[in-house]
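Undergrad: just the structure for this:
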Amino acid sequence: MNIFELYLDKIKSIIIDLNKKGDLLIPESFNGINAEIPPAKFDSDISSNVAMVLSKLNKKSPIDLAEQISPIIKNKDPLIENITVVKPGFINIKFKPLFWSNFIQEIIDNAKIFGINEKEKKLNYLVEFVSANPTGPLHVGHCRGAILGDVISNLLIFNKHKVIKEYYVNDYGNQINNFTKSVYFRIREVQFNETFPTDNSDLYPGDYLIDFAKNIVSSNSNMNFDKYDEIEEKLTALSIEQALLLIKKNLKSLGINHDNFVSEKKIVLNNEVEKVIKFLEAGKFVYKGKIKAPAGEDNKDWIEREQLLFRSTDFGDDKDRALQKTDGSWSYFASDVAYHKNKIDRNFDYLINILGADHAGYIKRISSSVEALSGEKNKLICKNSQLVKLIKDNKPFKMSKRKGDYITVDDLIEEVGKDATRFIMLNRSSDVELDFDFDSVKEKSKDNPLYYVQYCYARISSVFRHLNKDLNSNIKIDNYKFEYSYDEIKILKKISEWPKCIDIASTKLEPHRIPVYLYELASEFHSYWNLGKQHSDKRFINDQKDISPDKLVFLKAISNVIKSGMDIVGVKTPEKM
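TA: Next up, the predicted model:
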């Protein structure tokens with residue numbers, strides 16, 4: 001039950017009736033008319049800007065128009081206590097207490113679908129996220145994007161969309177050659193006690209490669225590791241297999257499972273790059289030309305050569321993009337275009353890419369290619385995951401993938417746990433940098449948002465446990481004619497915002513709104529709980545060691561929303577803390 005959508009529909013119906021009677025002019029579209037949460041200073045529950053939107057068309061002041069519409073709204077709804085008109089023309093609606101009794105009955109009876117936008121068209125999404133090079137374990141730089149992609153997927157699934165979670169394996173190119181050589185030198189180190197060439201900056205020096213080497217040697221006893229050239233192809237496959245096993249283990253420890261792993265190498269060997277080039281040529285999206293030196297390059301060292309270029313500027317990019325390297329081989333961008341053609345051919349309504357902070361400049365070119373390939377604008381949605389700054393003992397942790405001394409996902413989870421990692425990584429919008437303070441996420445206080453939300457659920461569980469009731473069971477109440485107090489209605493109003501939160505978070509792909517909302521709801525609950533220390537009527541368990549029906553469903557409604565939200569975020573709701 002989305003009360004904002006419900007009353008927006010009622011308001012629209014009223015102005016349509018007024019239009020039919022000749023009393024009001026209305027626009028062709030109702031875009032811009034809304035029903036929102038009024039500022040806290042107003043004693044009202046819903047506010048609409050309808051009078052301001054219609055003012056110019058009807059050549060009336062917003063106040064006069066609001067005064068015309070308000071009595072009609074009130075007369076058509078017996079659950080409205082009063083309506084006030086507020087400058088510059090807002091219509092503020094306050095409900096009778098009975099409204100909130102009806103509201104809580106509705107959401108208790110329909111607990112499994114509360115928050116879901118049933119009217120929204122259900123679509124098919126492909127969400128690609130993480131897609132780190134298969135050359136080692138996932139580090140904190142990957143962690144935030146991994147959680148962002150997973151929770152966006154969970155959010156869309158909660159809202160009844162179909163979602164495929166995908167990982168694009170970059171197992172083709174020079175970085176894989178260097179990775180395989182690195183594993184080979186570790187094998188030589190393990191088998192023959194040779195020294196790993198640490199002076200070679202192209203190699204990956206991380207100690208995790210020793211484990212890769214040992215696993216490969218023990219599982220391939222008949223394989224001869226004397227001559228690299230003779231085993232390069234097989235060793236590459238074995239090395240990538242080891243890397244992916246580790247990456248999948250890292251992802252599992254974060255609570256993440258992908259549906260698909262798509263190989264770049266397979267796309268290249270299947271000639272999908274050549275096929276997509278022909279497709280683009282047929283649409284006149286490619287040409288032979290020269291490009292200038294990239295910004296920041298020393299122009300005297302840059303040699304302009306004729307290359308195959310994609311007309312990215314036709315779609316708003318600042319320059320056309322190379323599909324071939326100067327040696328004639330395909331660029332990474334060409335492989336990526338082929339991969340996105342592969343995605344498009346699988347008939348998803350939308351493609352979502354979660355990209356790291358260092359890929360912000362890549363968004364325009366890949367979006368341009370998808371538009372060229374599909375003929376649709378905005379089919380590809382890219383979300384950037386900004387940097388995470390790790391802080392411990394008021395000092396920053398630094399990481400460097402090249403040197404092999406970075407903080408891995410497993411390091412982070414071992415330090416603070418999966419739940420804290422997921423919740424805190426998601427606690428701010430992905431387009432701003434995040435400070436991850438190891439000390440604060442371990443605190444048992446209001447300053448630790450995860451603890452505060454989980455403690456809310458645990459407190460509710462304690463009440464049900466004390467009464468020998470099952471919090472997870474459905475509640476049946478014969479009579480919902482309750483008179484909730486101001487403090488209780490304040491929490492019910494917060495619960496009423498849940499469908500709106502889900503709707504905005506899902507539409508805008510902004511899952512950080514979920515933990516922020518949960519923290520606000522938990523704060524309202526804890527404030528109410530603390531009132532019971534001074535006021536007996538605020539306590540949930542009465543002197544007869546029982547609970548009144550209104551308090552029972554009140555707690556159940558709060559716990560249902562907390563559980564739904566925490567499930568979307570992918571963290572636990574412990575019943576004891």
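
Undergrad: and the next helix or strand past the lowest-mean-pLDDT helix or strand in the chain?
TA: In the chain, the helix or strand scored least confidently by mean pLDDT, DSSP states H and E is strand 395-397, which has a mean of 77. Tracing the chain past strand 395-397, the next element assigned as helix or strand by DSSP states H and E is helix 409-416.

Undergrad: tell me where the stretch 51-200 of the chain has strands.
TA: 80-86, 90-95, 124-128, 162-169 (DSSP state E, counting those that start in this stretch).

Undergrad: name the element residue 424 belongs to?
TA: Here residue 424 is assigned to helix 418-425, by DSSP H and E.

Undergrad: so which elements touch that helix?
TA: helix 140-158, helix 409-416, strand 434-437, helix 449-466 (3 or more CB pairs under 8 Å, 6 or more residues apart in numbering; DSSP states H and E). (Each C-beta comes from the backbone N, C-alpha and C, glycine too.)

Undergrad: to residue 317, which of the ones you listed lies closest?
TA: Residue 317 lies closest, by CB to CB, to one member of the helices and strands packed on helix 418-425: helix 140-158, at 23.1 Å.

Undergrad: buried residues, that closest one. List them.
TA: Applying a neighbour-count criterion of 16 or more other CB atoms under 10 Å, one finds 140-156, 158 buried in helix 140-158.

Undergrad: from the chain's centroid, how far away is that helix?
TA: 5 Å (CA atoms, centre = their mean, to the nearest Å).

Undergrad: how about stretch 155-165?
TA: The answer for stretch 155-165 is 11 Å, by CA atoms, centre = their mean.

Undergrad: before we move on, what about stretch 516-528?
TA: Using CA atoms, centre = their mean, the offset of stretch 516-528 from its chain centre is 21 Å.

Undergrad: and what of stretch 335-343?
TA: Between the centre of stretch 335-343 and the centre of its chain there are 23 Å (CA atoms, centre = their mean).

Undergrad: alpha carbons only: can I get that stretch in PDB?
TA: Extracted C-alpha coordinates of stretch 335-343, given in PDB (Å, rounded to 0.1, in the frame of the first residue of the first chain):
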ATOM      1  CA  SER A 335      36.200  -6.800 -27.500                       C
ATOM      2  CA  ASP A 336      33.900  -4.900 -25.200                       C
ATOM      3  CA  VAL A 337      31.700  -3.700 -28.100                       C
ATOM      4  CA  ALA A 338      31.400  -7.400 -29.200                       C
ATOM      5  CA  TYR A 339      30.500  -8.400 -25.600                       C
ATOM      6  CA  HIS A 340      27.800  -5.800 -25.500                       C
ATOM      7  CA  LYS A 341      26.400  -7.000 -28.800                       C
ATOM      8  CA  ASN A 342      26.300 -10.400 -27.200                       C
ATOM      9  CA  LYS A 343      24.300  -8.900 -24.300                       C
END
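
Undergrad: that one: which residues count as buried?
TA: So, applying 16+ other CB under 10 Å, buried residues of stretch 335-343: 335-343.

Undergrad: any idea how far residue 135 lies from residue 171?
TA: Look at residue 135 and residue 171: by CB to CB, to the nearest Å, they are 10 Å apart.

Undergrad: kindly apply the preceding question to residue 27 instead.
TA: From residue 27 to residue 171 the distance is 54 Å (CB to CB).

Undergrad: who's more crowded, the two?
TA: Remark: of residue 27 and residue 171, residue 171 carries more neighbours, 24 against 13, as counted by other CB atoms under 10 Å.

Undergrad: from residue 436, how far out is the closest residue to residue 390 other than its chain neighbours?
TA: For residue 390, ignoring the flanking residues on the chain, the nearest one in space by CB to CB, 6 or more residues apart in numbering is residue 397 at 3.8 Å. Between residue 397 and residue 436 the computed distance is 9 Å (CB to CB).

Undergrad: any common contacting residues for these two?
TA: Taking CB atoms under 8 Å, 6 or more residues apart in numbering as the contact rule, residue 397 and residue 436 both touch 390-391.

Undergrad: higher neighbour count, the two?
TA: More crowded of residue 397 and residue 436, by other CB under 10 Å: residue 436, with 23 against 17.

Undergrad: how much space separates the most centrally placed residue in the chain from residue 1?
TA: For the chain, residue 152 is the residue whose C-alpha lies nearest the centre (CA atoms, centre = their mean; 3.2 Å). Distance, residue 152 to residue 1, using CB to CB: 25 Å.

Undergrad: same question, residue 502
TA: For residue 502 relative to residue 1 (CB to CB), the value is 12 Å.

Undergrad: what residues sit buried inside the lengthiest helix in the chain?
TA: Assignment by DSSP state H gives helix 228-253 as the longest helix of the chain. Buried residues in helix 228-253, counted by 16+ other CB under 10 Å: 231, 235-236, 238-244, 246-248, 250-251, 253.

Undergrad: follow-up on the earlier one: who's more crowded, residue 502 and residue 1?
TA: The neighbour comparison of residue 502 against residue 1 (other CB under 10 Å) goes to residue 502, with 24 against 18.

Undergrad: so what's the more buried one up against?
TA: 115-117, 155, 158-159, 514.

Undergrad: part of a helix, is it?
TA: Yes. Counting by DSSP: H, G, I helix; E, B strand; the rest coil, residue 502 falls inside a helix.

Undergrad: how far away is it from residue 209?
TA: 44 Å.

Undergrad: I figured residue 79 hits residue 97, correct?
TA: No. Counting by CB atoms under 8 Å, residue 79 does not reach residue 97; the two are 9.5 Å apart.

Undergrad: quick one, what contacts the closest residue to residue 385 other than its chain neighbours?
TA: Spatial nearest neighbour of residue 385, chain neighbours left out: residue 145 (3.7 Å); criterion: CB to CB, 6+ apart. Neighbour list for residue 145: 129-130, 354-356, 385, 430 [criterion: CB under 8 Å, 6+ apart].

Undergrad: what do you get for residue 462?
TA: Residues in contact with residue 462 (CB under 8 Å, 6+ apart) are 575-576.

Undergrad: hmm, back to that, and the residue nearest to the centre of the chain, how far from residue 436?
TA: Residue 152 is 20 Å from residue 436, by CB to CB.

Undergrad: likewise for residue 352?
TA: 24 Å.

Undergrad: residue 353 falls within a helix, correct?
TA: No. Counting by three-state DSSP, residue 353 is not part of a helix but strand.

Undergrad: okay, now the residue lying closest to residue 16 once chain neighbours are set aside: neighbour count?
TA: Counting by CB to CB, 6+ apart, residue 16 lies nearest to residue 26, which is 6.8 Å off, once chain neighbours are set aside. Residue 26: 18 surrounding residues under other CB under 10 Å.
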